[in-house]
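Chemist: need a structure here:
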Amino acid sequence: MSHYIKQYMPNKPHKWGFKLYLICSLQGYAHRFEVYSGGGSKNNILLGEPDLGESGNTVVRLARMVPRNVNHIIYFDNIYTSVPLVTYLAKEGIFSLGTVRVNRLRNCKLPEKNTIMKKNVPRGFYEENVATVDDIDVSAVVWKDNKPVNLLSTYVGAEPATTVTRFDKSKKERVAIPCPKVIKDYNSHMGGVDLLDSFIGRYRITMKSRKWTTRLFYHFLDLAVINSWIMFKKVNNIKGNDQLLNLGTFRLELAETVCKLGLPANGAKRGRPSGSTIQRELVMKKFRGPAQAIPLKDVRLDQTCHWAVWLDKQQRCKFPKCSGPVSLVGSLIINLWPTTHKTFSTVML
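Modeler: Residues are numbered from 1 along each chain as shown. Next up is the predicted model:
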């Protein structure tokens, strides 16, 4: 029997699944999320927060982590947008913009759909109404594209308008039509959640399980990997490193590094240990292998099971392109590896 929080969503590519609400950046970084567990959002309303309905309360909960009065802007679609929601966010010092359903714009004098879709109304027509709600200026704009698009905002309106190109079937060519500023802003900043979904869909951890907790766990694991990859790219862009890893390569290196964290540099050999010390020394003398491999940088810097010890005899540095003598090495559980800095008396622990 499926769990009660499993939802049927007919408008989604996958009809059955678990519904998650996320607040994401433009790059697809998930700042916060919550799993839909049915109604009863009134139990999660904090003191001073209004009751804006199921969809509005979801935005209010996710926006708790957004800093106030620093010009942050939240974009959402018509499922969440309402006049009480945008006015509440504006009072909290957060701007907002989103598409809105006509039935949520009460007493608004914007043209109706039947009027806008008449043939004598050209494509690109737009109209704006501005009102003050609870001392907050709110702008409502309708724009005619293939069909009317209604938007609601507390920081931007229709002007200054620009132009966009659309294909004209009668002329059989692309023509320029007017486009309000609010449309440009919405299209430029909306889509972070969809981008995150596309990232997860490329290399998803697929595992069949009857337990819904397992499915969610691996989805959250994918989510954490995507977030770390986005931060990895951001840090390397700041450092000026142009050779960035794609998502597939990043996941492979991440998996290899995590598997080696806290383990000896050269893993213990399988099989029964030899009881003869002389025999073991003869075998080591006869089959002398190459120099000990240098662990990955993440393993050397994981700060786990490291200890510096002095050697009785000097050795050569195992770091590539370095042949200087060393007397101090770092110990990782049992195995030892030489330091990469021959002149230093300490190692990175």
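Chemist: how many residues are close by the closest residue to Arg251 other than its chain neighbours?
Modeler: Leaving aside its chain neighbours, Arg251 sits nearest to Tyr203 (5.7 Å; criterion: Cβ to Cβ, 6 or more residues apart in numbering). No exception for glycine: its C-beta is placed from N, CA and C like everyone else's. Close neighbours of Tyr203, defined as other Cβ atoms under 10 Å, add up to 15.
Chemist: residues contacting Tyr203?
Modeler: 222, 247-248, 251 (Cβ atoms under 8 Å, 6 or more residues apart in numbering).
Chemist: pull out the buried members of those residues.
Modeler: Buried members of the contacts of Tyr203, counted by 16 or more other Cβ atoms under 10 Å: 222, 247, 251.
Chemist: I'd assumed the first one was in a strand, is it?
Modeler: By that I understand Asp222. No. Going by DSSP: H, G, I helix; E, B strand; the rest coil, the assignment for Asp222 is helix, not a strand.
Chemist: correct me, but it touches Arg202?
Modeler: No. If you go by Cβ atoms under 8 Å, Asp222 and Arg202 don't touch, sitting 9.9 Å apart.
Chemist: show me where the stretch 201-349 of the chain has strands.
Modeler: Secondary structure of the stretch 201-349 of the chain (DSSP state E, counting those that start in this stretch): strands at 306-316, 325-332, 335-338.
Chemist: got the CA coordinates for the longest one in CSV?
Modeler: Extracted in CSV, the C-alpha atoms of strand 306-316 (Å, rounded to 0.1, in the frame of the first residue of the first chain):
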residue,chain,number,x,y,z
HIS,A,306,46.8,11.8,10.9
TRP,A,307,49.9,11.7,13.1
ALA,A,308,53.4,12.9,12.4
VAL,A,309,56.3,10.6,13.2
TRP,A,310,60.1,10.7,12.8
LEU,A,311,61.8,8.1,10.6
ASP,A,312,65.0,6.2,11.6
LYS,A,313,66.3,6.6,8.1
GLN,A,314,66.0,9.3,5.6
GLN,A,315,63.8,8.7,2.5
ARG,A,316,63.2,10.4,-0.7
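Chemist: what pairs with that strand, parallel or antiparallel?
Modeler: Using DSSP bridges, strand 306-316 pairs in its sheet with strand 325-332 (antiparallel).
Chemist: as a whole number, average confidence for the partner strand?
Modeler: Strand 325-332 shows a mean pLDDT of 59.
Chemist: same thing with stretch 87-105?
Modeler: The model assigns stretch 87-105 a mean pLDDT of 94.
Chemist: so how far is that stretch off the chain centroid?
Modeler: Chain-centre distance of stretch 87-105: 24 Å, with Cα atoms, centre = their mean, to the nearest Å.
Chemist: going forward, begin numbering at 888 instead of 1
Modeler: Fine by me, first position is 888 from now on; the one you just mentioned is stretch 974-992.
Chemist: buried sites along it?
Modeler: 974-977, 979, 981-987, 992.
Chemist: in helices, which of the residues you listed fall?
Modeler: Among the buried residues of stretch 974-992, the members found in helices (DSSP state H) are 974-977.
Chemist: from these, pick the one nearest Val1020.
Modeler: Using Cβ to Cβ, Thr974 comes nearest to Val1020 of those, at 5.1 Å.
Chemist: the closest one contacts Thr1041, correct?
Modeler: Yes. Using Cβ under 8 Å, Thr974 makes contact with Thr1041 at a distance of 7.3 Å.
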